[in-house]
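**Q** coords please:
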Amino acid sequence: MTDTAMASDLLEEEEKKSLLSREFGFWVYLMTDAIIFALLFATYVVLSKNSAAGPTSKDVFDLRHTAGETALLLISSLTFGMATIAMARGLSGRVIMWLVVTALLGVGFLAMEMMEFHGMIAKGAGPDVSGFLSAFFTLVGTHGLHVTFGTLGILVMIVQIPLKGLTPPVRSRLLRLGLFWHFLDIVWIGIFSVVYLPGVM
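**A** Numbers count the residues shown, from 1 in each chain. Sure, this is the predicted structure:
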């Protein structure tokens, strides 16, 4: 084996170790994020009945609107999965196509969430009115902020793939971003089940 081949093997091995350590670090980040959301859920459950004679959840929640948001986010998880399958097959064009669809669905979700927030505040149900509304806006707003960062990450990948190709670092980034996006779907299912469904009953 030539010195050049040995150097190439060493570099490849170092890259693999670096990517593995980044993936481990990302799992640690997701666990800390899960703890943050668990605390926000606990705070909401404690404060959900503290409306301070202001609007209650029955007054401000629209389950049909929330169902639309849920559909957009769940479909976006499916389209991200299609991008991951395309990546495994080395089809960079299809990866980009599915990421574009995912980003559009994410933007649609965020637009619907902003409409919901704007409508609530216009009705006098802002985060400063009661403990219930403060906890609601904090929990749902934190999730929305995460979706915003996830959408920006998808846009970065859409630019990166044509420039760099499906190299091991790019594949690793896309897999980590996929974990993040699916995690946000799980959190939203929790929000729908803990916040919205009981809130309209």
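**Q** and the contacts of stretch 113-125?
**A** 54-55, 59-60, 62, 65-66, 69, 126, 133, 137, 140-141, 144, 147 (Cβ atoms under 8 Å, 6 or more residues apart in numbering). All C-beta atoms are positioned from the backbone trio N, CA, C, and that covers glycine.
**Q** tell me the two of those residues that are most distant?
**A** G54 and V147 (27.2 Å; Cβ to Cβ).
**Q** these two: which has the busier surroundings?
**A** V147 (22 against 17; other Cβ atoms under 10 Å).
**Q** could you report the separation of the more buried one from F61?
**A** Going from V147 to F61 by Cβ to Cβ, to the nearest Å gives 19 Å.
**Q** from I85, how far off is L91?
**A** The gap separating L91 from I85 is 9 Å, by Cβ to Cβ.
**Q** so which elements touch the longest helix along the chain?
**A** Ranked by number of residues, the top helix in the chain under DSSP state H is helix 3-47. Helix 3-47 sits against helix 131-164, helix 168-191, with contacts defined as 3 or more Cβ pairs under 8 Å, 6 or more residues apart in numbering; DSSP states H and E.
**Q** now these in CSV, with mean pLDDT?
**A** Compiled in CSV, these are given as follows (pLDDT from 0 to 100):
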stretch, mean pLDDT
helix 131-164, 96
helix 168-191, 95
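**Q** could you tell me the angle between the helix-or-strand element of the chain with minimal mean pLDDT and helix 168-191?
**A** Lowest mean confidence among the helices and strands of the chain (mean pLDDT, DSSP states H and E): helix 3-47, at a mean of 81. Interaxial angle of helix 3-47 relative to helix 168-191 (axes from the mean of the first three to the mean of the last three Cα atoms, to 10 degrees): 10 degrees.
**Q** for M31, grab the count of nearby residues.
**A** 9.
**Q** from L19, how far off is S48?
**A** Taken as Cβ to Cβ, the span from S48 to L19 is 42 Å.
**Q** got it, and F109?
**A** 30 Å.
**Q** quick one, what contacts T56?
**A** F132.
**Q** buried residues of stretch 157-176, list them for me.
**A** Neighbour counts over stretch 157-176 (16 or more other Cβ atoms under 10 Å) mark 157-158, 160-161, 166, 170-176 as buried.
**Q** just give me the closest of these to E14.
**A** S172 (13.9 Å).
**Q** the closest one touches S18, doesn't it?
**A** No: look at S172 against S18 with Cβ atoms under 8 Å: they stay out of range, at 9.1 Å.
**Q** among the buried residues of stretch 157-176, which two are most distant?
**A** Longest span within the buried residues of stretch 157-176, Cβ to Cβ: I158 and S172, 16.7 Å.
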